[in-house]
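A.B. asks: Whatever this is, show me its structure:
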Amino acid sequence: MADRITKRLVDGLAPEATNVVVWDSEVKGFGVVCTPKGAKSYVLQYVVGSGRGAPKRRFTIGRHGSPWTPETARSEAKRLAGIVEAGGDPLAKRQADREVLTVSELCELYFAEGATHKKASTIKADKARVAHHIKPLLGRKRIDQLVRGDVERLMVAVTDGKTAVTVPKEERPAGSLARGGAGVAAQCVTLLGTLLAFAIRREMITRNVAHGVDKAKIRKIERFLSEQEIADLAEALRKEEEAAGNPYPAAAIRLLMLTGCRRSEIINLRWDQVNLEHRLLLLADSKTGKKSVYLSAPALALLDSLPKVKGNPHVIAGALKGSALSGIDKIWVRVRGAAGLDDVRLHDLRHSFASIGVLGGLSLPVLGKLLGHSKVTTTERYAHLSADPIRAANEAVGARIAAAMKSKLETGEVIDLKSTPRKKPRRRAAGA
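C.D. replies: Predicted structure coming up:
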């Protein structure tokens, strides 16, 4: 039946055995449906295309009640009818929109299918950033509706610590807490860009709104030990080893100093990866993939002195049967405190290895090989150290000039700066 749809008409509809449909007399295809259970909804019925057999569609505008009244639903029906007139299909678009992933759904798909090339430790850290920062702030957003402002607001929120949470120790990636801050915010934006790039490859979206967002410049903390500090640390390690009666924690720290390896590479080192004959550590899986670490004579001597534990494949043996050492961080805090190096991290031992190499005259490409860097740009952070010999030469020249100037001021004599003194000219005899 057809009638002008009003609130009185809709309120008066009573449920029957089948759906009751009333079509509006003003807007073609606009109607209200009352189900056998009494639910009332506004609809628009339209035809896609033209000609005999053109399919009919019934688009549900919404259920009767706020915000949908007869008048608001009629206005929406007119808008949709205009889309149909222009060749569109509102129902097909709604169905397509329902297939668009949210940010949360994209994250799950990425970890299942798009992150297979990443290391397990990297995936663990990425999942933590998603769980503690990205999902709480953007998880419900559809990826095709994300705008640059959403990414910038995420960055501000994470920087300000609005997503900071207390994380159980066993769930912390790389031993860190979900505190937020500028560094974490930058990492979250980078990860979001990676997620959206994956969505573009899958042809889900066409643009990456995370690209080009200005991230905070993160100052990398690089602490280098002086020779005196290395000596102080060595003495603290000797005392620690004597007090504990356990050679492995001190050996782990000494190997970090002597090889420039990362902590995980030494803690997880197995005897089958040690080739004493060729003076190499053959790591099948490091942060940058397969890697060979060259061993110096002191490193070889240290490894040769370490006792092997029967049934334990690890060089740095732990207390549990067959396990690697655990709790190195607590031991390091104690050792560095004894050495007066409270501001030094374990990773700074790697930086110190690099700094000593550069100051010893190693080129950056050679240093990169020693450290196992996959990119030249990673090694370039040590480039400023290679200027130290030039500074030393400059100091020597300056000191010599200053000494010459001082002598002139004190004695009135002029000191020649050349390495050999000039000969005084002979006086010619009178009448010569």
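
A.B. asks: So for the helix or strand containing Val335, mean pLDDT?
C.D. replies: Using DSSP states H and E, Val335 sits within helix 328-338. In this model, helix 328-338 has a mean pLDDT of 94.

A.B. asks: And for stretch 297-305?
C.D. replies: 91.

A.B. asks: Dump that stretch to PDB, keeping only the CA atoms.
C.D. replies: Provided in PDB are the C-alpha atoms of stretch 297-305 (Å, rounded to 0.1, in the frame of the first residue of the first chain):
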ATOM      1  CA  ALA A 297      93.900 -13.100  20.300                       C
ATOM      2  CA  PRO A 298      92.500 -11.900  23.600                       C
ATOM      3  CA  ALA A 299      89.000 -13.100  22.600                       C
ATOM      4  CA  LEU A 300      90.400 -16.500  21.500                       C
ATOM      5  CA  ALA A 301      92.200 -16.800  24.800                       C
ATOM      6  CA  LEU A 302      89.100 -16.000  26.800                       C
ATOM      7  CA  LEU A 303      87.000 -18.600  24.900                       C
ATOM      8  CA  ASP A 304      89.800 -21.200  25.300                       C
ATOM      9  CA  SER A 305      89.800 -20.600  29.000                       C
END
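
A.B. asks: List the buried residues for that stretch?
C.D. replies: 299, 302-303 (16 or more other CB atoms under 10 Å). The C-beta positions use only the backbone N, C-alpha and C, and glycine is treated the same way.

A.B. asks: Inside helices: which ones of these?
C.D. replies: When DSSP state H is applied, these are split such that 299, 302-303 fall in helices.

A.B. asks: Now do the helix holding Val335: distance to the chain's middle.
C.D. replies: Helix 328-338 sits 27 Å away from the centroid of its parent chain (CA atoms, centre = their mean, to the nearest Å).

A.B. asks: going on from it, what's the next piece of helix or strand?
C.D. replies: Next along from helix 328-338, by DSSP H and E: helix 348-359.

A.B. asks: could I have that following helix exported to PDB, CA atoms only?
C.D. replies: Listed next in PDB are the C-alpha coordinates belonging to helix 348-359 (Å, rounded to 0.1, in the frame of the first residue of the first chain):
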ATOM      1  CA  ASP A 348      77.700   0.900  25.000                       C
ATOM      2  CA  LEU A 349      80.400  -1.700  25.100                       C
ATOM      3  CA  ARG A 350      79.700  -2.200  21.300                       C
ATOM      4  CA  HIS A 351      80.000   1.600  20.800                       C
ATOM      5  CA  SER A 352      83.300   1.600  22.700                       C
ATOM      6  CA  PHE A 353      84.600  -1.300  20.500                       C
ATOM      7  CA  ALA A 354      83.700   0.800  17.500                       C
ATOM      8  CA  SER A 355      85.200   4.000  18.800                       C
ATOM      9  CA  ILE A 356      88.500   2.400  19.600                       C
ATOM     10  CA  GLY A 357      88.600   0.900  16.100                       C
ATOM     11  CA  VAL A 358      88.100   4.300  14.500                       C
ATOM     12  CA  LEU A 359      90.600   6.000  16.700                       C
END
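
A.B. asks: List the buried residues in it.
C.D. replies: Of all the residues in helix 348-359, those buried under the rule 16+ other CB under 10 Å are 348-358.

A.B. asks: same deal with stretch 25-34?
C.D. replies: Neighbour-count burial for stretch 25-34 flags 27, 29-34 (criterion: 16+ other CB under 10 Å).
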